[in-house]
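>>> turn this into a structure:
(chains A and B)
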Amino acid sequence: MHRLDPRVKISLTFLYIIFVFVASNYQGIAVIALLLSAVIMSSGIPFSQYLKSLKAILFIVAFTSVLNLFYGSGKVVWQFKFMTITEGGISNAVFVAIRIVSLILFSSALTFTTSPTQLTDAMERLMKPLKLFHVKVHEIAMMMTIALRFIPTLLEETDKIMNAQKARGADLESGGITQRIKSLIPILIPLFISSFRRASDLAMAMECRCYHGGEGRTKMKRLRITGLDIWAVAFSACLCCCVIIFKVRFPAALR
Amino acid sequence: MPVIETKNLTFTYGAGTPFGKTAVNDISISIERGEFIGLIGHTGSGKSTFIQTLNGLLRPTSGKVLLNGRDIWAEPKKIRAVRFKVGMVFQYPENQLFEDTVLKDICFGPGNMGLSAGEAEKRALKAAKAVGLTDDMLPKSPFELSGGEKRRAAIAGVMAMDPDVLILDEPTAGLDPNGRDMLLKQLSDYHRVRRNTVILVSHSMEDIAKAADRVLVMDSGKAVMFDKTEKVFANGGELQKIGLRVPQITEITLRLRKDGYNIRPALTVEQAVRELLPVMKKRRAENG
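This next block holds a predicted model:
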């Protein structure tokens, strides 16, 4: 999967995410699960990594599926005072859980196997048609690259400034909400200032290397569609067709 | 009585994970009140980590830091009080300025100590004077100052807390030779007047040789030497082995000694002149 063209990977991920929502019966979702396991296996990333990315959203998944349990129609399975759980509700809950989880897993697979630069490169290429509407595609892509690049730098900077203010007795851990917001000022102001300085330094350095926007700019790493990409597209298209066929042939589980 | 003592101080980043890295390894030293300590070591030798454990920004993985004989982590809730007693000036401290006037920024530390506005200002003015900020700079925005002035303002911000121990992490980095000499002289003066303890981390052996009473040498997390400045720098070979140098003038006097001249290794040019003049005079007399 690492070798796939990033444009293909992004487009396919979008396609998969759409089909996660198109699938509305168990047969369809089985196909999605098959697709998901194929993606995860071919990514070569240990499964524990995927589990880690799921950990953050575990609560949301649990919360929404429990809520969904109580909505839906069909045969009543369990009733307690005003709370009723129906067959439809159970299906709803299962589907919501599966949908969110597969959403995260598909996008994790994309980010695990694609470097940020590749991602923004592919985005730039995919958004090219928007140029017709005078959207500055290259500038947006460049901004995304730079923003991603500076996240670790900013984190490090924040840490340094926090330590410096703590050494001057700044109290960041205690107090009420207003007190805490106030105590952020000595950290945010230096952080803003250093970001502005960094930004102007970077702009200067880029101009010194004759950067002048996207016009006529060539790429060092050109994106190429290979046989592998065609196979991936064909495989995904087949599975998506299956989902559609199942949707037409079998009744929907969601009500 | 020692003002700061460390007992088997060890700090490991990411302790308990496979990526754990021991930055400070079993350091036991004791620093007397009123000493000027130089701390040297090449990049990544654990200097910055070590000094951060001294004022409680980092909690040691094992071992103790004693301030005036008391473990600073005995009551973790009162760690802020330790930070007022052990003032810390980080590398490039000018990045921490944030108030709208220089004076207010210097008052930030003392204000956090719970002093009254008047008392805080009194201390701030004193500290500003110690680092050579003139009165017309104080009402200005810190961002209007030049780089060197910003540095001074930031150092004053820590000095104004009147700490028992003042730790400075490479305060002269990035300053021009003039600014550097001036800052160093002001630090020495401040130390002489206040009689408090100063720990100076520096890559400039010349700076350390000029100012420090004793030198602590760190190498890969360990304290490899801790002795009088002249004794440490007399060990030129040892220092070179761990990627450090001795001041140029010391190097010269050490080589002369090797060639059979009976002089003591010098730390400053003045010392070297004092050592060398009699030798040269004697030679001239012998040669007739």
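
>>> can you give me the helices in chain B?
B:47-54, B:79-85, B:102-112, B:117-130, B:147-159, B:177-194, B:205-211, B:229-234, B:236-241, B:248-258, B:269-287 (DSSP state H).

>>> okay, now residue 129: neighbour count?
In the absence of a named chain, this looks at chain A. When neighbours are counted by other CB atoms under 10 Å in any protein chain shown, A:Pro129 registers 9. For every residue, glycine as well, the C-beta is placed using N, CA and C.

>>> nope, chain B please
Counted with other CB under 10 Å, the neighbours of B:Lys129 add up to 14.

>>> same check, this time on A:Ser65
Neighbours of A:Ser65 under the rule other CB under 10 Å: 19.

>>> distance of it from chain B?
For A:Ser65, the distance to chain B (CB to the nearest CB, to the nearest Å) stands at 33 Å.

>>> returning to what we had before: including mean pLDDT and distance to chain A, could the helices of chain B go into CSV?
Shown next, in CSV, are the helices of chain B (pLDDT from 0 to 100; distance: least, CB to the nearest CB, whole Å):
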stretch, mean pLDDT, distance to chain A
helix B:47-54, 92, 7
helix B:79-85, 89, 6
helix B:102-112, 91, 3
helix B:117-130, 91, 11
helix B:147-159, 92, 6
helix B:177-194, 90, 17
helix B:205-211, 88, 22
helix B:229-234, 88, 27
helix B:236-241, 85, 29
helix B:248-258, 88, 32
helix B:269-287, 87, 35
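
>>> to A:Gln165, which of those lies closest?
helix B:102-112 (8.1 Å; CB to CB).

>>> does the residue in chain A positioned nearest to chain B sit in a helix, a strand or a coil?
Residue nearest to chain B within chain A: A:Gly169 (3.3 Å; CB to the nearest CB). Secondary structure assignment for A:Gly169 (DSSP: H, G, I helix; E, B strand; the rest coil): coil.

>>> residues touching the most centrally placed residue in chain B, list them.
A centroid search over chain B (CA atoms, centre = their mean) returns B:Leu200, at 0.8 Å, as the residue closest to the centre. Counting by CB atoms under 8 Å, 6 or more residues apart in numbering or on different chains, B:Leu200 touches B:36-39, B:168, B:171, B:187, B:207-208, B:211-212.

>>> and of those residues, the nearest to A:His212?
For those, the nearest to A:His212 is B:Pro171 (40.8 Å; CB to CB).

>>> please name the residues that touch that closest one.
Per CB under 8 Å, 6+ apart, neighbours of B:Pro171: B:89, B:93, B:151, B:155, B:183, B:187, B:200, B:202.

>>> and these, which is closest to A:Leu35?
Checking the contacts of B:Pro171 against A:Leu35 with CB to CB, the nearest one is B:Pro93 at 54.8 Å.

>>> the closest one: neighbouring residues, count only.
Here the number of neighbours of B:Pro93 (other CB under 10 Å) works out to 25.

>>> what's the closest non-adjacent residue to it?
B:Ala154 (3.5 Å; CB to CB, 6 or more residues apart in numbering or on different chains).

>>> contacts only, for that neighbour.
In this structure, B:Ala154 makes contact with B:89, B:93-94, B:96-97, B:105, judged by CB under 8 Å, 6+ apart.

>>> how about 6 Å then?
The contact partners of B:Ala154, by CB atoms under 6 Å, 6 or more residues apart in numbering or on different chains, come to B:93-94, B:96-97.

>>> name the nearest residue to A:Thr86, sequence neighbours excluded.
Among residues not flanking A:Thr86 along the chain, A:Gly74 sits closest, at 4.6 Å (CB to CB, 6+ apart).

>>> what about the one you found, helix or strand, and which?
Under DSSP states H and E, no helix or strand contains A:Gly74.

>>> need the per-residue pLDDT for it.
For A:Gly74, the pLDDT comes out at 71.

>>> quick check: B:Met88 touching B:Asn55?
Yes - here B:Met88 reaches B:Asn55: they are 5.0 Å apart, a contact under CB atoms under 6 Å.

>>> just to revisit the earlier point, of the contacts of B:Ala154, closest to chain A?
Nearest to chain A among those, with distances taken as CB to the nearest CB, is B:Gln96, at 4.0 Å.

>>> tell me, how many residues neighbour the nearest residue to B:Asn262 once chain neighbours are set aside?
In this structure, B:Asn262 finds its nearest non-sequential neighbour in B:Val279, 7.3 Å apart by CB to CB, 6+ apart. B:Val279 sits with 13 neighbouring residues when counted by other CB under 10 Å.
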